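**Q** Kindly generate the corresponding structure for this input.
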Amino acid sequence: MNILLFGKNGQVGWELQRALAPLGTVIALDRHSRDYGGDLQDLAGIAASIDAIAPDVIVNAAAYTAVDKAETEPDLADCINHQAVAVMAQAAKRTSALLVHYSTDYVFDGSGQELWVETDATAPLSVYGQTKWAGEQAIINSGCAHLIFRTSWVYAARGNNFAKTMLRLAAEREALNVISDQIGAPTGADLIADISAHAIRITLQNPRLAGVYHLAAQGETSWHGYAEWVIATARAQGRALKVRTINPIPTTQYPTPATRPQNSRLNTEKLRRNFGLVLPQWQDGVKRMLDEINTL
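**A** Residues are numbered from 1 along each chain as shown. The predicted structure follows:
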């Protein structure tokens with residue numbers, strides 16, 4: 001089986017190279033790849049790569065994820081998150097490939113306190129969310145076989161993430177202000193990759209399982225709760241930190257160009273039921289990530 005992976009050097013893409021390897025031959029591309037086009041701004045190149053490789057599975061881990069910058073670069077965000085995805089979907093339909101794509105809780109408006117289910121009405125608040133929603137719709141409307149995984153608060157030991165930022169600031173400052181009214185579940189790129197590989201294998205055997213799924217670690221926290229837990233855990237591991245106070249603040253005290261959803265809770269019951277999964281608590285993955293960055 002041939003698997004074509006776009007976005008190989010992103011947080012999820014890096015983990016996917018490992019997780020997908022037991023399933024078949026992985027052709028992993030990024031924007032700098034030479035043998036095949038992996039730049040999502042080059043729509044013709046994306047189509048040509050898929051036609052040339054004729055993969056059984058296309059996995060798109062590439063995306064425009066600069067949420068605030070997207071407000072001033074809507075065309076670029078739309079090209080990468082929507083138009084390129086539409087090209088992949090059309091090619092997947094044409095070649096009978098399974099398309100795996102990653103979306104986000106930002107397709108919802110973040111209202112209420114209930115966990116979002118896959119069938120809830122979407123109402124993105126930002127350009128980023130709107131372009132990710134448009135990408136989802138392009139896949140669904142193409143009629144190709146697909147797995148769309150909506151996830152949230154993604155992190156990895158590799159690259160930058162919220163936990164690393166908090167640890168850096170905690171070493172420099174005595175007090176931190178962290179948003180306390182946005183709620184979600186930190187979800188590791190390694191968990192996303194492993195579940196993707198599991199779901200791909202089963203969906204190829206049972207195509208009726210194709211569709212949209214919510215994928216996130218179990219439990220919930222605020223950014224403030226996340227920061228407190230990370231800093232307490234790092235201290236327990238022996239890390240010297242200067243911070244003494246972590247102040248909870250509302251979103252209104254930290255304005256950003258893009259509006260963030262306050263409720264990022266995702267209901268993963270469909271994923272767990274259809275693929276026979278038990279998802280770990282968010283703290284388990286974050287602890288593992290902290291252990292890993294301590295060794296880097």
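**Q** I'd say residue 43 and residue 87 touch.
**A** Yes - contact criterion Cβ atoms under 8 Å: residue 43 and residue 87 qualify, at 5.0 Å. C-betas here are computed from N, CA, C, even on glycine.
**Q** out of these two, which sits in the busier spot?
**A** residue 87 (20 against 16; other Cβ atoms under 10 Å).
**Q** any idea where the helices of this protein begin and end?
**A** 11-20, 43-53, 74-78, 84-95, 127-142, 162-172, 189-205, 223-236, 269-275, 282-294 (DSSP state H).
**Q** could I get these as a markdown table with distance to residue 4 and mean pLDDT?
**A** Output for the helices of the chain, formatted as a markdown table (distance: least, Cβ to Cβ, whole Å; pLDDT from 0 to 100):
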| stretch | distance to residue 4 | mean pLDDT |
| --- | --- | --- |
| helix 11-20 | 10 | 95 |
| helix 43-53 | 5 | 92 |
| helix 74-78 | 23 | 97 |
| helix 84-95 | 9 | 96 |
| helix 127-142 | 15 | 97 |
| helix 162-172 | 31 | 91 |
| helix 189-205 | 12 | 97 |
| helix 223-236 | 34 | 93 |
| helix 269-275 | 22 | 97 |
| helix 282-294 | 27 | 89 |
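**Q** Which of these sits closest to residue 214?
**A** Nearest to residue 214 among the helices of the chain is helix 269-275 (6.2 Å), distances taken as Cβ to Cβ.
**Q** For residue 126, which non-adjacent residue is closest in space?
**A** residue 258 (3.9 Å; Cβ to Cβ, 6 or more residues apart in numbering).
**Q** What of residue 228?
**A** Residue 228 sits nearest to residue 246 (Cβ to Cβ, 6+ apart), 5.4 Å away.
**Q** separation between that neighbour and residue 288?
**A** For residue 246, the distance to residue 288 equals 22 Å [Cβ to Cβ, to the nearest Å].
**Q** picking up where we left off before, could the helices of the chain be laid out in TSV, adding distance to residue 27?
**A** Output for the helices of the chain, formatted as TSV (distance: least, Cβ to Cβ, whole Å):
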stretch	distance to residue 27
helix 11-20	10
helix 43-53	6
helix 74-78	25
helix 84-95	14
helix 127-142	20
helix 162-172	31
helix 189-205	15
helix 223-236	36
helix 269-275	25
helix 282-294	27
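**Q** nearest to residue 113, of these?
**A** helix 223-236 (15.1 Å).
**Q** OK, contacts around residue 12?
**A** By Cβ atoms under 8 Å, 6 or more residues apart in numbering, residue 12 lies in contact with 61, 102, 154, 156, 189, 192, 193.
**Q** In those, find the pair that's most separated.
**A** 102 and 156 (13.3 Å).
**Q** now the residue nearest to residue 126: how far from residue 21?
**A** Distance, residue 258 to residue 21, using Cβ to Cβ: 36 Å.
**Q** Repeat that for residue 218.
**A** As judged by Cβ to Cβ, residue 218 and residue 21 stand 27 Å apart.
**Q** again, but for residue 1
**A** In terms of Cβ to Cβ, residue 1 sits 11 Å off from residue 21.
**Q** Same question for residue 85.
**A** For residue 85 relative to residue 21 (Cβ to Cβ), the value is 24 Å.
**Q** go on, residue 97?
**A** 18 Å.
**Q** Between those two, which is the more surrounded one?
**A** Under the criterion of other Cβ under 10 Å, the comparison of residue 97 against residue 21 puts residue 97 first, with 24 against 13.
**Q** Wait, residue 201 touches residue 23, no?
**A** Yes - assessed by Cβ under 8 Å, residue 201 is found in contact with residue 23 at 6.1 Å.
**Q** for residue 6, what are its contacts?
**A** Contact analysis of residue 6 by Cβ under 8 Å, 6+ apart lists 13, 29, 30, 38, 40, 46, 58, 59, 60, 61, 62, 88.
**Q** what's the pLDDT at the third one?
**A** Which is residue 30. For residue 30, the pLDDT comes out at 85.
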